[in-house]
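**Student:** sequence isn't available, so here's the structure alone:
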């Protein structure tokens, strides 16, 4: 009798609780190094930003966390309601900034605006608001992109992927779900279908064409275990076509994970041979 | 910084060792010297005879091009301030040492009676994964046991040095009673255990060495975060029987104190005479054969 192999997604989930004290300490140390123990984050009503909010409150205390809710007129009412649940549960201040006026003003008179363009514009608008709050309240902007999104490039460059510190960028979506349960994120947030909520009825998995469980199993085998797509397909029991599609996405979106490329002219070029840690002097 | 208090009185044939588990400021040597001096004072007040600091405690770890800026000759005024404080307590610290010919090393310095008593330049510089030490620093080529005053014979190995069994082996053959391991060990929290996978490995490794080489091992690991990398702390002392004598339980800065009963070396080495029976000449002869040109490896 052959032993039943544990699904990859299950094994990813198993080890997450141990990361909580490290993530708390990460937020406390890296935020407070700046001299201001305050953090700003966009609260969407989804599971990723909820997890970051719970971690930030554990690390810094509710008074030092500035969650900004930034709805557009077409945002799902449930998103706002779920964001409010997080505020209530954590005792956080309520900051709501509507982005409808500026988004609609920008696109007024433009024809054939694709949902993707509009979604990207909204993501960048929100990022720009968060960095303004960062300056106003002297708090660091916390990123809420998970490892699955970052690897797949499923996010807007200089939009939702921009931040000063990201506590969840090394955790897959399936691990975020586990973390959310341990942290006590309200059940409706944990159980709803993940969505960027950039247009009505959007769900991530519908748009991507595969589930997060599938993506995470494949990404883990390709990235962390360094398997070839062929071996990853065998190991995960998923079609090679899907594995190859995901591998291609990771490669095509590498540009989103890097700072802009600079033309090298001198002997010390930023990012190439001018290499300093970000925490220089801290 | 909390003080881990030791109950009871001093034993006659014992040495009290303090570990300053700290989180250095990245790239600020004078500030880190101040931090060291504060811990030295606390260790002094706790009656310690030796205080041990982590790898690159004077500079921080993820230096990259900062290596050039934080490097100091051992005669530099910053280093001298710390060495001078070793007048009445031995201080083991670590920095980027710049040689007179401007080579840069990851060094561990043992200062005693206000003088530098011994320097160990890290031999094995990890340059893989998140590590890029070889890009910026040169490798040491000496592994020596030293004795400061009437202290037990001691050896130092810096972090990755300990992952190469040849280093503790050489120090053991050299007669070391205490092995000091200043480290900057990063943690990987997703190991399925509340403690990171690398923390567990360090514990297994050093407990095994302590038992095999029948010696004390003092592991001083740093804590804190640099550019998202987490250093797991968990400094500890292992006795020659392979058990943990004292351990830090926290991710935070801490002063850990342990009394090393030197009579235990005698008892353990009589009970399990591995050192007596170790045939270093055999190792030497066979290694010589293995390393001859043309021998397949």
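**Tutor:** Yes, it's here. What you see is a predicted model, and the numbers here were worked out from it, not measured in a lab.
**Student:** the stretch 1-150 of chain A against chain B: which residues are in contact?
**Tutor:** Neighbours of chain B within the stretch 1-150 of chain A, by C-beta under 8 Å from any C-beta of the partner chain: A:14-19, A:21-23, A:25-26, A:29-30. C-beta: built from backbone N, CA, C; applies to glycine.
**Student:** right, I mislabeled it, should have said the stretch 151-282 of chain A
**Tutor:** A:165, A:170, A:175, A:274-282.
**Student:** change it to 10 Å
**Tutor:** A:165-167, A:169-171, A:175, A:224, A:268, A:273-282 (C-beta under 10 Å from any C-beta of the partner chain).
**Student:** so which of those belong to helices?
**Tutor:** Mapping those onto helices (DSSP state H) picks out residue A:175.
**Student:** return a PyMOL selection command for the buried portion of the residues of the stretch 151-282 of chain A next to chain B.
**Tutor:** Per 16 or more other C-beta atoms under 10 Å in any protein chain shown, the buried members of these correspond to this PyMOL selection:
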select buried, chain A and resi 165+166+167+169+170+171+175+275+276+277+279+280+282
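**Student:** with adjacent residues omitted, what lies nearest to residue A:202?
**Tutor:** Excluding its sequence neighbours, the residue lying closest to residue A:202 (C-beta to C-beta, 6 or more residues apart in numbering or on different chains) is residue A:195, at 5.2 Å.
**Student:** so the one you found, which state does it fall into?
**Tutor:** coil (DSSP: H, G, I helix; E, B strand; the rest coil).
**Student:** poorly predicted segments of the chain, please.
**Tutor:** Because you didn't say which chain, this covers chain A. Scanning chain A for pLDDT under 70 picks out the ranges A:1-9.
**Student:** my question was about chain B, not that one.
**Tutor:** Residues of chain B that meet the cut-off, pLDDT under 70, sit at B:1-12, B:191-196, B:296-297.
**Student:** quick one: the strands in it?
**Tutor:** Shown for chain B, the strands assigned by DSSP state E span residues B:2-3, B:14-21, B:50-52, B:90-98, B:104-112, B:115-121, B:154-156, B:178-183, B:216-221, B:223-226, B:229-232, B:236-238, B:244-247, B:254-261.
**Student:** what helices or strands is the third one leaning on?
**Tutor:** In terms of contacts (3 or more C-beta pairs under 10 Å, 6 or more residues apart in numbering or on different chains; DSSP states H and E), strand B:50-52 is packed against strand B:14-21, helix B:29-45, strand B:90-98, strand B:104-112, strand B:178-183, strand B:216-221, strand B:254-261.
**Student:** out of the ones you listed, nearest to chain A?
**Tutor:** helix B:29-45 (8.9 Å; C-beta to the nearest C-beta).
**Student:** quick one: buried residues of that closest one?
**Tutor:** Applying a neighbour-count criterion of 16+ other C-beta under 10 Å, one finds B:29, B:32-33, B:35-36, B:39-40, B:42-43 buried in helix B:29-45.
**Student:** ok, stretch A:142-161 next?
**Tutor:** A:142-157, A:159-161.
**Student:** and the helix ranked longest in chain A, what's buried?
**Tutor:** Counting residues, the longest helix found in chain A (DSSP H) is helix A:115-137. Buried residues in helix A:115-137, counting neighbours by 16+ other C-beta under 10 Å, are found at A:118-127, A:129-130, A:133-134.
**Student:** over to stretch B:273-283?
**Tutor:** For stretch B:273-283, the neighbour count (16+ other C-beta under 10 Å) marks residue B:275 as buried.
**Student:** how long is stretch A:134-148 end to end?
**Tutor:** 26 Å (C-alpha to C-alpha, to the nearest Å).
**Student:** that stretch: how far from the chain's middle?
**Tutor:** Stretch A:134-148 sits 10 Å away from the centroid of its parent chain (C-alpha atoms, centre = their mean, to the nearest Å).
**Student:** indicate the residue of the stretch 1-150 of chain B located nearest to chain A.
**Tutor:** Counting by C-beta to the nearest C-beta, the stretch 1-150 of chain B gets nearest chain A through residue B:64, at 4.2 Å.
**Student:** quick check: closest non-adjacent residue to that residue.
**Tutor:** Counting by C-beta to C-beta, 6+ apart, residue B:64 lies nearest to residue A:275, which is 4.2 Å off, once chain neighbours are set aside.
**Student:** equivalent analysis for residue B:177, please.
**Tutor:** The shortest distance from residue B:177 to any non-neighbouring residue, by C-beta to C-beta, 6+ apart, is to residue B:152 (3.8 Å).
**Student:** contacting residues around the one you found?
**Tutor:** Applying C-beta atoms under 10 Å, 6 or more residues apart in numbering or on different chains to residue B:152 gives the contacts B:15, B:50, B:175-178, B:215-216, B:260, B:262, B:265.
**Student:** give me the buried subset of these.
**Tutor:** Buried among the contacts of residue B:152 (16+ other C-beta under 10 Å): B:15, B:50, B:176-178, B:215-216, B:260, B:262, B:265.
**Student:** now for those residues: which two are most distant?
**Tutor:** The most widely separated members of the buried ones among the contacts of residue B:152 are B:50 and B:265, with 15.9 Å between them, by C-beta to C-beta.
**Student:** start to end distance for stretch B:230-242?
**Tutor:** End-to-end distance (C-alpha to C-alpha), stretch B:230-242: 27 Å.
**Student:** buried stuff in stretch B:284-297?
**Tutor:** Under 16+ other C-beta under 10 Å, stretch B:284-297 has no buried positions.
**Student:** and that stretch, how far out from the chain middle?
**Tutor:** The answer for stretch B:284-297 is 31 Å, by C-alpha atoms, centre = their mean.
**Student:** sorry, back to before: could I get the contacts of residue B:152 as CSV with distance to residue A:229?
**Tutor:** Below are the contacts of residue B:152 laid out as CSV (distance: C-beta to C-beta, whole Å):
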residue, distance to residue A:229
B:15, 57
B:50, 54
B:175, 54
B:176, 50
B:177, 54
B:178, 51
B:215, 49
B:216, 50
B:260, 54
B:262, 59
B:265, 56
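**Student:** can you map out the strands along chain A?
**Tutor:** Counting by DSSP E, one finds strands in chain A at the ranges A:39-42, A:65-69, A:95-96, A:140-141.
**Student:** go through those strands and pick out the most buried.
**Tutor:** Scoring the strands of chain A by mean neighbour count under mean count of other C-beta atoms under 10 Å in any protein chain shown gives strand A:39-42 as the most buried, with a mean of 26.
**Student:** who does that strand touch, helix- and strand-wise?
**Tutor:** If contacts are counted by 3+ C-beta pairs under 10 Å, 6+ apart, strand A:39-42 sits against helix A:19-32, helix A:47-60, strand A:65-69, helix A:115-137, strand A:140-141.
**Student:** one more time with 7 Å, if that's ok
**Tutor:** Packing contacts for strand A:39-42, counted by 3 or more C-beta pairs under 7 Å, 6 or more residues apart in numbering or on different chains; DSSP states H and E, involve helix A:47-60, strand A:65-69, helix A:115-137, strand A:140-141.
**Student:** residue A:217: which of these is closest?
**Tutor:** Residue A:217 lies closest to helix A:47-60 among the helices and strands packed on strand A:39-42, at 18.7 Å (C-beta to C-beta).
**Student:** show me how far that closest one is from its chain's centre.
**Tutor:** On C-alpha atoms, centre = their mean, the centre of helix A:47-60 falls 12 Å from the chain's centre.
**Student:** got a list of contacts for it?
**Tutor:** The list of residues contacting helix A:47-60 from outside it, by C-beta atoms under 7 Å, 6 or more residues apart in numbering or on different chains, reads A:23-24, A:27-28, A:31, A:37, A:39, A:41-43, A:65, A:67, A:86, A:90, A:92, A:142, A:144, A:146, A:167-168, A:176-177, A:179-180, A:183, A:185, A:189-190, A:194.
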